[in-house]
Structure formats: C-alpha cells, structure tokens
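> from the sequence below, what's the structure:
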Amino acid sequence: MSNHSSAAAQSRLTRIDGSPIRAVVVDDEDSLTDLLSMALRYEGWDVRIASDGAAALSTIREFKPDVVVLDIMLPDIDGVQVLTRLRADNLQTPILFLTAKDSLDDRIAGLTVGGDDYVTKPFSLEELVARLRGLIRRSHLAVSDADDSFVQVGDLTLDEDSYEVARGGVPIELTATEFELLRYLMRNPRRVLSKHQILDRVWSYDFGGKSSVVEIYISYLRKKVDTLGEPMIHTVRGVGYVLKPVR
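Modelled structure (predicted):
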C-alpha cells in the first residue's frame, strides 16, 4: 500500500449539512482496518469499524454511513450475504468490496449483488480513498456544479442536486452507480453509447474488457425504469445502448 499523502491536497468532502462523511470499514484484519480508518479520519470522516458480518449489519443499520468498505471473506456471514441483506432492507449506501480474490468473475459476482465498486488486496491506499470519494460524489451527498441540474427525457426526470428520479411522477430508488449510469444515458438521449464508453464514464477505470458489468447494470435500470411504462432503454446490437423518450 502506498503512503497516504496526496489526499491532503484535495478538497475535503462533507455531508450537505456540513457534518463529516460517515464511513464503515468491515474486515477481520485489525492491521488493515486500523490503517484504513486512520486514512479516512485523515480525510475528516467519521469512521466505525466492524470485524465480522453480524457486527457489520448492526453497525451499518445503526450508524447509517454514507459509504461502506466491505471485505468479502468474513469469519461468519460473508460480505456478499451482508450486502444482500442490506439491499433487502432498501439501504442504498454505496458499497466498495475489498477482498484478496482477484479473478474477474469474483469482481462481477460482487457487483451483481449490488456492490458499487471493487478493490483487490494488496491495494494502493490512495486509490482506495479516491474510489470512495468518487462513490460519495455520485451518491446523494454530491451537489452538482452544473448550471442545469434537472434532466428530463420524456416522462423520466432526474434531479442531480436532490438525487431524485421519477417516471410519470412515480419515484424510483437507485443506487449511486445506477444513478450515474442513468444520468449518463439521460444526458445523451437518442445517442448510442458503447459499453466501453459507459465503463469509462461510469466506472472510470478498466474492467479488463469485462463489459458484462454494463449489461448487469442496464438490466437493473430496465427493471426500475422500463417497468413503469413503455421501454425507454434500448439495445443496439453490436454497438451499445440508447435511451429514447416514448413517442
């Protein structure tokens, strides 16, 4: 892990009300949780630690963090099960999986159950903090600096400031990554976007060519958006995806 030095030069992130960002770090390695919690407290964040799945569920439900670092290999309930239970509670907090597993299949498996990002051990501490900052900016904590924060395509609306999404007046609950993907599609209506363009814009790094993560998240959006009316998200075979208003 690299020294955590450059983060100090970045602007500090806070919640909209000015209070510290809340983070929970879940791992059974004390040395790792100590290091991560120290780095995040250096960012000015309020950090809680859990060493197993049961403690993670209890801490996250009580503390209501803004972001969670979750190890997959835990001594009791594994990280995937922890996340599955949290999503069943309708908790949409951004989750970054942390694990020693390094296969692409494991990465995709973690994202399939609702994770927002994935880092493998050993990792760069600066990269991990940067990933967490990115997740928070895409979450409900972020305030857009765009002149026009309200986007509408047909009967689908998205507010970048309040992070509210609705179709035909019906609210739609999205995770941070789902919101970023939908925003990208809505900011480019009627434009066909390739999987590689979406990976670069939404995830901001290479998944080793494993573009199936895009298919997974497109399917999530379709279940939440297209079930409220005629389909708006379309597949252009061999090219990518496009969002169109219903005529």
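
> flag the helix or strand of the protein with the lowest per-element mean pLDDT.
Lowest by mean pLDDT, DSSP states H and E among the helices and strands of the chain is helix 104-112, with a mean of 65.

> now the element after it, going C-ward?
strand 117-120 (DSSP states H and E).

> in that following strand, what's buried?
Using 16 or more other C-beta atoms under 10 Å as the burial criterion, the residues of strand 117-120 that qualify are Asp117, Tyr118, Val119. Bear in mind the C-beta positions are built from the backbone N, C-alpha and C, glycine included.

> send the alpha carbons of that strand over as PDB?
What follows is the C-alpha trace of strand 117-120 in PDB, where atoms were taken according to Å, rounded to 0.1, in the frame of the first residue of the first chain:
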ATOM      1  CA  ASP A 117     -17.000  -0.900  -6.700                       C
ATOM      2  CA  TYR A 118     -14.300  -3.500  -6.100                       C
ATOM      3  CA  VAL A 119     -10.700  -3.300  -5.000                       C
ATOM      4  CA  THR A 120      -8.400  -6.300  -4.500                       C
END
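
> so, low pLDDT: which residues of the protein?
Where the chain drops to pLDDT under 70, the residues are 1-11, 101-111, 139-148, 204-210.

> where do the helices of it begin and end?
When assigned using DSSP state H, the helices of the chain occupy the ranges 30-42, 53-63, 79-88, 104-112, 125-138, 176-186, 195-198, 212-225.

> name the helices or strands packed onto the first one?
Using 3 or more C-beta pairs under 8 Å, 6 or more residues apart in numbering; DSSP states H and E as the contact definition, the elements that helix 30-42 packs against are strand 22-26, strand 46-50, helix 125-138.

> which of these sits most buried?
Scoring these by mean neighbour count under mean count of other C-beta atoms under 10 Å gives strand 22-26 as the most buried, with a mean of 25.

> contacts for that one?
Surrounding strand 22-26, the residues in contact under the criterion C-beta atoms under 8 Å, 6 or more residues apart in numbering are 15, 33, 36-37, 40, 45-51, 53, 55-56, 59-60, 63-71, 74, 79, 82, 132.

> the same query, at a cut-off of 7 Å, please.
Applying C-beta atoms under 7 Å, 6 or more residues apart in numbering, the set of residues contacting strand 22-26 from outside is 33, 36-37, 40, 45-50, 56, 59-60, 63-71.

> what does stretch 175-182 give?
For stretch 175-182, using C-beta under 7 Å, 6+ apart, the contacting residues are 92, 94, 114, 116, 135, 138-139, 158, 163, 165, 174, 198, 202, 217, 220-221.

> just the buried residues of the contacts of strand 22-26.
Buried residues within the contacts of strand 22-26, counting neighbours by 16+ other C-beta under 10 Å: 33, 36-37, 40, 45-50, 56, 59-60, 63, 65-71.

> most neighbours, which of the contacts of stretch 175-182?
The most neighbours of any of those, using other C-beta atoms under 10 Å, belong to Asp116, which has 27 neighbours.

> right, and it touches Phe97 too?
No - at 8.6 Å, Asp116 does not count as touching Phe97 under the criterion of C-beta atoms under 7 Å.

> show me the domain layout of the chain.
For the chain, the structural domains run 22-139, 150-243, going by the TED database.

> what's the most buried one of those?
Burial of the domains of the chain is given as mean neighbour count (mean count of other C-beta under 10 Å); domain 22-139 ranks first at a mean of 19.

> how far off centre is that one?
11 Å (C-alpha atoms, centre = their mean, to the nearest Å).

> and the residue lying closest to Leu74 once chain neighbours are set aside, how far is that from Pro75?
The shortest distance from Leu74 to any residue that is not its chain neighbour, by C-beta to C-beta, 6 or more residues apart in numbering, is 4.7 Å, and that residue is Gly53. Plainly put, Gly53 is 8 Å away from Pro75 if you go by C-beta to C-beta, to the nearest Å.
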